[in-house]
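In: the following block contains a protein sequence and its predicted model.
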Amino acid sequence: MEEIKAAIEAAVPGAGVEIVVNPSVSGQHSLRLRPGDSVSGAVAVAKFLRDDPELALDFLSNVTGVDWPDKEIAEKVKVTRTVTKTVEGVEQAVEETVEETRKRVEPGCLEAVYHLFSVAKGHGPVVLRIKTENRTDQVELPSLTPVWRSAEFQEREIFDLYGIVFTGHPDLRRLLMWEGFKDHPMRRDYVEPDDFEYEPTAHDEVLKRAMAHQAKQKAAETVAGAADAGAGAEGTGVGA
Amino acid sequence: MAVDEGLKIELGKQGVFVTTIEELYNWGRRSSIWPMQFGLACCAIEMIATTMARYDLARFGAEVFRPSPRQADLMIISGTVTKKMAPQVVRLYNQMAEPRYVIAMGACAISGGPFKQGYNVLKGIDRYIPVDVHIPGCPPRPEALLQAFMTLQKKIDGQPLTGPDRPRFLDAEAQGEFPVPVQGEHDLEPTSNPGVWTVPVVIR
């Protein structure tokens, strides 16, 4: 991994590559291109990975997306401040160290993950990850379809389900959902349509959703009923 | 007017064949149901198996799968109906000539099956078009599909040609076209056809 990183940095000057260590047993570490990397930069790195005689990563087996939502991180910070205290009848300014919990929000991002193999050399996978700047407005990533043709449909799928816009993609349309569909279903903040009106064998999460749907339905009916009662001469209090 | 069964058999023994138009008509219809050549998912593989020599759907006069809805009597919804596909399914059903029948084959077609809680699968095709026979199973065995055929034949046999119980295709007033759902920004619009499907009461 270190070698690949060094090789990339030597071949493509200015390419911001960092190694993401995977602490699990599999130990499958990955390379991440820093956000804000220019379009040509990522494509240059990809071209290098494919064309380098040592690496020869000529086969792209899988492209997928990852959604990292905004994360709230709570950390403890020691703060020193001056406090006025009365010690033995005399007012004094005393320095005191207090532990405080501060919360900061780490902005989320979207990520495209490419799994590369070398058929010629028989090695792999090398995991290449590219991050977007954030998950709302700047969700553009360079398309690697010009480098590996097999990325075409999978990048379209990521565009469909995560909403990453791949610049330089030859035919970027929705793949699974229809044209005119506005949401990106694989994002963590996706809200499903509330169609839990008929769940004959509901349990757990589905039961909760079905109950919520029922309650909402009932509330809507009550509001409608109250409006009707208000229109009449005297409400019987049933609708209220 | 129905013929007395015992009398019919007795007359048959004497070489006299007695029947009614209704009986003859329904016998003709039920013995040549032409399904539409239309498969949606893995259930279609079982449907194909049913038509092959081992299970032999030809015994029911239904071996002619028509690739055009104009020539088909029966639509077998064989598999998952995604929300992307649902408008096309309804449109194909609208294009079929009356009398037409629908078999919803498998868990997905009748209710959404394992994908019921997903965002992209319709929770049963009976929300948009009238279904005559539902077959559970994932996928249903060919025997189950044959059972569905026999159930459908029984249903056709029992259809009167006149009177208030006559089927839709003999009723000039009846609605023959079913509204095709529109693919909206978040979901299909409307989410069901209230003329065909209403929310059943769930007893908990």
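Out: Sure, I can see it. Numbers count the residues shown, from 1 in each chain, chains lettered A, B, ... in the order given.

In: can we go C-alpha only for contacts and neighbour counts from here?
Out: OK.

In: got the residues of chain A near chain B?
Out: Residues of chain A found near chain B (CA under 8 Å from any CA of the partner chain) are A:177-178, A:180-183, A:185, A:192-193, A:197-200, A:206.

In: ok, how many other residues are close to residue 83?
Out: Reading this off chain A. Other residues within reach of A:Val83 by the criterion other CA atoms under 10 Å in any protein chain shown amount to 12.

In: actually, chain B is the one I wanted.
Out: 21.

In: isn't it up against B:Asn120?
Out: Yes - contact criterion CA atoms under 8 Å: B:Lys83 and B:Asn120 qualify, at 5.5 Å.

In: what segments of chain A are helices?
Out: With DSSP state H as the criterion, chain A has helices at A:2-11, A:39-51, A:151-161, A:204-231.

In: and chain B, by the same measure?
Out: In chain B, the helices defined using DSSP H lie at B:5-13, B:21-30, B:43-51, B:86-95, B:106-111, B:142-157.

In: buried sites along the third one?
Out: Residues B:43-44, B:46-47, B:49-51 are the ones in helix B:43-51 that count as buried (16 or more other CA atoms under 10 Å in any protein chain shown).

In: in TSV: those residues, plus distance to chain A and pLDDT.
Out: Converted to TSV, the buried residues of helix B:43-51 look like this (distance: CA to the nearest CA, whole Å; pLDDT from 0 to 100):
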residue	distance to chain A	pLDDT
B:Cys43	21	91
B:Ala44	21	92
B:Glu46	25	92
B:Met47	25	92
B:Ala49	29	92
B:Thr50	30	91
B:Thr51	31	91
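
In: before we move on, back to that, farthest pair within the residues of chain A next to chain B?
Out: By the measure CA to CA, A:Gly180 and A:Pro200 form the most distant pair in the residues of chain A next to chain B, at 31.6 Å.

In: could you list the domains of chain A?
Out: With domains defined by automatic domain parsing, chain A comprises A:2-67+A:109-167, A:72-105, A:192-240.

In: mean pLDDT added to those domains, as TSV?
Out: As requested, the domains of chain A are exported to TSV (pLDDT from 0 to 100):
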stretch	mean pLDDT
domain A:2-67+A:109-167	84
domain A:72-105	76
domain A:192-240	73
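
In: of all the helices of chain A, which one is nearest B:Ser68?
Out: helix A:151-161 (30.7 Å).

In: domains in chain B, by residue range?
Out: Here the domain parsing of chain B from automatic domain parsing is B:1-30, B:33-160.

In: so which bits of the shortest one are buried?
Out: So the one you mean is domain B:1-30. By neighbour count with 16+ other CA under 10 Å, domain B:1-30 contains the buried residues B:22-23, B:26, B:29-30.
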